[in-house]
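A.B. asks: Sequence first, then the predicted structure:
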Amino acid sequence: MVGASRPVCYDPAVNPVERILERARAADRRVAFPEATDPRVLRAARRLADERVVRPLLIGDGTAVRAAAAAAGVDLSDLPVEEPARLAASPAIRERLESALGGKVGADELRARLADPLYLAAALVRGRDADGTVAGAVHTTADTLRAALTVIRPAPGVRIVSSFFLMVLNRPTAAGEPVLAFADAGLVPDPDPDQLAEIAARTAHSFRRLVEREPRVALLGFSTLGSARHPALEKVREARRRLARMRPDFEFDGELQADAALVPEVARAKAPDSPVAGQANVLVFPDLNAGNIAYKLVERLAGAQAVGPLLQGLDRPANDLSRGCGVDDIVVAAAVTAVQAAD
């Protein structure tokens, strides 16, 4: 759920957003927007087209979309609008949805899916008529994710689809990191050790691809390297052992308290031999409660820009928004989607 809109700092030395926008422009990808009557989506689509960040594809009833655009003062003259009724009549779209649903739904539910822009957008992505989709300004995360999981499906070999936030900081960490990844702060409620290890590995690779910095992963807990005993901490320690067996190509450690992960002075006292303590840039939380609370506190109290939740593990890109999102948030989410599609 991308946070409330705020002015975006475009200095690539301190904020990776400009670099992501540049890479999206170079990728020249088409991104579908199934919430085309929302004025924020319309304004974002106009800006994305004008700035050549992505090629937006609006999905919605033409009359309603044009009325919403007029009310929002948005010129739709050169923006493509796909009518749900026309898409639903397409044999290719119908076949994709029927195949994705696997014959598990009746005729009434299939008709409902064929009328649902979220599912139609996902069907376009499944068939590569669009490179990705962005939604959530109107729909809940559960609705957005359900359509993506059902139609786009997880990528081969993926055991769990997860999410992460890019937290663009107002000032760098003590180790000089201008952006952090928080995972999973938006999707998986209570990952087991295997899932936590996979979330850590996948977030590290997502961070490397999007931010173009080397990930240093901290598996977080309320103790540092065995300073306390509790079953909740054992889950994190076991996740670290399982991550080690994966032989990842990045530095990691855990369990680490947040201060030991981020503050070099604290790290020297609590974890002097850790390869990532004091300089972590990918923070893996033990459960969704911790991750979601942390990202909202950092966003609201420290003024960080929260980009996400960005989904990882799908066969093709689909990303979520907050119903409280702003135009800037939608623009960045679309750019991230384009970069993911290019990768």
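C.D. replies: Looks like it came in fine.
A.B. asks: CA atoms for contacts and neighbours, from now on please.
C.D. replies: OK.
A.B. asks: Find the residue closest to Ala44 in space, skipping its chain neighbours.
C.D. replies: In this structure, Ala44 finds its nearest non-sequential neighbour in Val327, 5.2 Å apart by CA to CA, 6 or more residues apart in numbering.
A.B. asks: is it true that that neighbour touches Asp38?
C.D. replies: No: between Val327 and Asp38 there is no contact under CA atoms under 8 Å: 10.7 Å.
A.B. asks: and these two? which has more neighbours close in?
C.D. replies: Taking neighbours as other CA atoms under 10 Å, Val327 and Asp38 compare with Val327 leading, 19 against 15.
A.B. asks: For the more buried one, give its distance to Val74.
C.D. replies: Separation of Val327 from Val74 (CA to CA, to the nearest Å) stands at 13 Å.
A.B. asks: Now list whatever residues contact both of these two.
C.D. replies: The overlap between the contact sets of Val327 and Val74 (CA atoms under 8 Å, 6 or more residues apart in numbering) consists of Arg43.
A.B. asks: Flag the shaky bits of this structure, pLDDT-wise.
C.D. replies: Across the chain, the ranges flagged by pLDDT under 70 are 1-15, 103-105.
A.B. asks: rerun at 50
C.D. replies: Across the chain, the ranges flagged by pLDDT under 50 are 1-12, 14.
A.B. asks: would you list every one of the helices in it?
C.D. replies: In the chain, the segments counted as helices under DSSP state H are 17-27, 39-50, 62-72, 84-88, 91-101, 107-114, 117-126, 141-147, 193-211, 231-245, 258-262, 264-270, 288-302, 327-342.
A.B. asks: mind giving me JSON lines with the ones you listed and columns for distance to Phe165?
C.D. replies: What follows is these, written out as JSON lines (distance: least, CA to CA, whole Å):
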{"stretch": "helix 17-27", "distance to Phe165": "13"}
{"stretch": "helix 39-50", "distance to Phe165": "20"}
{"stretch": "helix 62-72", "distance to Phe165": "29"}
{"stretch": "helix 84-88", "distance to Phe165": "31"}
{"stretch": "helix 91-101", "distance to Phe165": "28"}
{"stretch": "helix 107-114", "distance to Phe165": "29"}
{"stretch": "helix 117-126", "distance to Phe165": "22"}
{"stretch": "helix 141-147", "distance to Phe165": "14"}
{"stretch": "helix 193-211", "distance to Phe165": "9"}
{"stretch": "helix 231-245", "distance to Phe165": "20"}
{"stretch": "helix 258-262", "distance to Phe165": "16"}
{"stretch": "helix 264-270", "distance to Phe165": "23"}
{"stretch": "helix 288-302", "distance to Phe165": "8"}
{"stretch": "helix 327-342", "distance to Phe165": "11"}
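A.B. asks: who wins for proximity to Phe182 among these?
C.D. replies: Smallest distance to Phe182 across the helices of the chain (CA to CA): 6.8 Å, for helix 288-302.
A.B. asks: How far does stretch 95-111 sit from its chain's centre?
C.D. replies: 27 Å (CA atoms, centre = their mean, to the nearest Å).
A.B. asks: Kindly report the same for stretch 268-277.
C.D. replies: Chain-centre distance of stretch 268-277: 30 Å, with CA atoms, centre = their mean.
A.B. asks: measure it end to end?
C.D. replies: For stretch 268-277, the first-to-last residue distance is 8 Å (CA to CA).
A.B. asks: Need the outlier residue of this protein, farthest from its centre.
C.D. replies: In the chain, counting by CA atoms, centre = their mean, Ala269 sits farthest out from the average C-alpha position, at 34.5 Å.
A.B. asks: residue contacts, that residue?
C.D. replies: Counting by CA under 8 Å, 6+ apart, Ala269 has no contacts.
A.B. asks: how many neighbours does Asn91 have?
C.D. replies: Careful, residue 91 is Pro; it's not Asn. Residues within reach of Pro91, counting by other CA under 10 Å, total 10.
A.B. asks: before we move on, back to that, enumerate every residue touching the residue nearest to Ala44.
C.D. replies: Here Val327 is in contact with Ser5, Arg40, Val41, Arg43, Ala44 (CA under 8 Å, 6+ apart).
A.B. asks: from the residues you listed, which single one is nearest Gly303?
C.D. replies: Nearest to Gly303 among these, counting by CA to CA, is Ser5 at 11.2 Å.
A.B. asks: The residue nearest to Ala44 and Ala304, how far apart?
C.D. replies: Distance of Val327 to Ala304, given as CA to CA: 17 Å.
A.B. asks: can you check Ala26 too?
C.D. replies: For Ala26, the distance to Ala304 - CA to CA - is 27 Å.
A.B. asks: coming back round to it: who wins for proximity to Met167 among the helices of the chain?
C.D. replies: helix 288-302 (7.7 Å).
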